[in-house]
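Visitor: return atomic coordinates for the entry below.
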Amino acid sequence: MAIGDFTYMQMCFRALKQAHPHLQIHLWVDERRRSDNPEDWPHLKNYSLYDWLTASPYIDQTYTQNYSPALHAQSIAKAQREECPIVVSLTHMACHRYARLTREISPRGFIVGLKKQKYRFFELSKKLSILKFNATMPLYESQERDVPHVSDIYAQWFQTAFGIDIPKPDRYPTIQIPDQWMRYARDQFAAWGLPPQVVFINAYSKGEERCWPLERAFELIKEMRAQPKWREAGFIVNVVPEDMQNAQALYDRLALPDTHLFSAVDNFFQLPAVLSLCSLIITVETAVMHLANAVHVPVIALMRQNNPEWVPIDQENSAVILVKEMDAWVTKIELPEVMEKVLSWPLC
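Guide: Got it, this is the predicted structure:
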């Protein structure tokens with residue numbers, strides 16, 4: 001599960017909890033990057049989503065220790081001891097693999113999961129694995145015509161699996177930021193001496209195909225500062241922790257005024273707290289654009305064409321710049337395209 005997934009799916013968990021308050025909701029978060037190399041564990045263990053899950057009032061227990069084979073086996077054994085009567089797999093990647101995992105977790109329970117609409121003739125083993133489910137739901141395809149928004153897809157899954165109807169307004173993501181992290185953000189802004197108008201720029205995503213060159217992000221700051229409206233603005237550049245050293249070297253070389261590097265290294269809520277205090281957010285296709293909607297800050301999103309279901313939900317406060325060709329990487333979006341949107345969009 002990614003942060004973007006939970007941004008929308010948490011609203012479904014809320015609806016489920018409200019409809020059936022007696023239910024205990026246990027959430028299994030699998031780690032597809034599971035590794036037997038100890039050097040990989042610190043990064044995998046400290047996935048920031050876990051902070052949000054821990055704080056969620058809708059989740060009673062989480063299984064997050066799945067980043068090594070040994071811990072994965074321990075988590076399975078722990079889940080088996082719960083003897084959950086109902087287990088639902090909402091994993092849309094490798095559905096057959098999670099059919100096997102779900103049945104392993106609950107050997108005697110009623111298990112439900114997603115399945116592809118069609119399997120090829122040589123995928124017999126996958127079809128047999130899917131038969132482990134007692135019931136299935138059709139998996140959406142990103143390339144379908146008029147594919148629904150992901151919030152609608154998740155709501156449909158919960159309606160099918162649990163019989164609950166989630167009205168559209170209740171699918172809009174919200175986030176409750178603890179006071180501790182709002183104080184942190186305000187104190188950080190004060191320490192940086194930021195002006196009232198602040199722009200947050202994020203060029204990083206988990207997938208290389210969705211990233212934007214960091215050099216281009218700094219060029220964007222220079223271009224925006226050349227405009228009267230943004231001349232006195234402050235800028236925050238988001239950096240993933242593992243690239244902070246390279247980003248710091250570039251930052252030191254350019255020495256842009258009122259520009260600061262940021263990374264949420266202590267807690268997930270540092271990120272939405274900082275976002276909530278900004279005037280504008282410019283980001284590549286990642287969770288930041290959905291969190292921007294959740295904290296009600298205008299956002300410009302740089303996206304590929306491959307996943308139209310993941311556009312930001314708040315159309316009035318979101319502007320999307322798409323690459324020109326299917327399968328093209330976000331790097332194909334050039335600086336002039338972004339500046340054109342900045343200059344033409346009424347919310348900028």
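Visitor: what about residue 321, helix or strand, and which?
Guide: Element membership for residue 321 (DSSP states H and E) is strand 318-322.
Visitor: report the angle between the helix or strand that that strand is followed by and strand 318-322.
Guide: Sequence order places helix 335-344 as the next helix or strand after strand 318-322, per DSSP H and E. Helix 335-344 and strand 318-322 are oriented at 160 degrees to each other (axes from the mean of the first three to the mean of the last three CA atoms, to 10 degrees).
Visitor: residues contacting stretch 322-341, please?
Guide: 205, 208-213, 216, 219-220, 223-224, 282, 284-285, 300, 302-306, 319, 321, 348 (CB atoms under 8 Å, 6 or more residues apart in numbering). (Glycine included, C-beta is placed from N, CA and C.)
Visitor: low-confidence bits of the stretch 101-250 of the chain, can you list those?
Guide: 141-145 (pLDDT under 70).
Visitor: circling back: from the contacts of stretch 322-341, which ones fall inside strands?
Guide: Mapping the contacts of stretch 322-341 onto strands (DSSP state E) picks out 282, 284, 300, 302-303, 319, 321.
Visitor: show me the two of these that sit farthest apart.
Guide: Spatial extent of these (CB to CB) is set by the pair 284 and 319 at 13.6 Å.
Visitor: in space, what's closest to residue 52 - neighbours in sequence excluded?
Guide: residue 268 (5.0 Å; CB to CB, 6 or more residues apart in numbering).
Visitor: my guess is the one you found contacts residue 54. True?
Guide: No. Between residue 268 and residue 54 there is no contact under CB atoms under 8 Å: 9.2 Å.
Visitor: neighbour count: the two, which is higher?
Guide: Per other CB atoms under 10 Å, whichever of residue 268 and residue 54 has more neighbours is residue 268, with 22 against 11.
Visitor: show the pLDDT at that one.
Guide: For residue 268, the model assigns a pLDDT of 97.
Visitor: distance of it from residue 291?
Guide: 10 Å (CB to CB, to the nearest Å).
Visitor: ends of stretch 138-155, how far apart?
Guide: One end of stretch 138-155 sits 13 Å from the other (CA to CA, to the nearest Å).
Visitor: returning to what we had before: of the ones in strands among the contacts of stretch 322-341, which is the nearest to residue 137?
Guide: So of the ones in strands among the contacts of stretch 322-341, ranked by how close each gets to residue 137 (CB to CB), first place is residue 303, at 26.5 Å.
Visitor: contacting residues around the closest one?
Guide: 210, 284-285, 310-311, 320-323, 330.
Visitor: can you tell me the SS state at the spatially most central residue of the chain?
Guide: With distances taken as CA atoms, centre = their mean, the residue of the chain nearest its centroid is residue 4 (2.1 Å). Three-state call for residue 4 (DSSP: H, G, I helix; E, B strand; the rest coil): helix.
Visitor: wait, doesn't it sit right on residue 290?
Guide: Yes. Counting by CB under 8 Å, residue 4 touches residue 290, with 5.1 Å between them.
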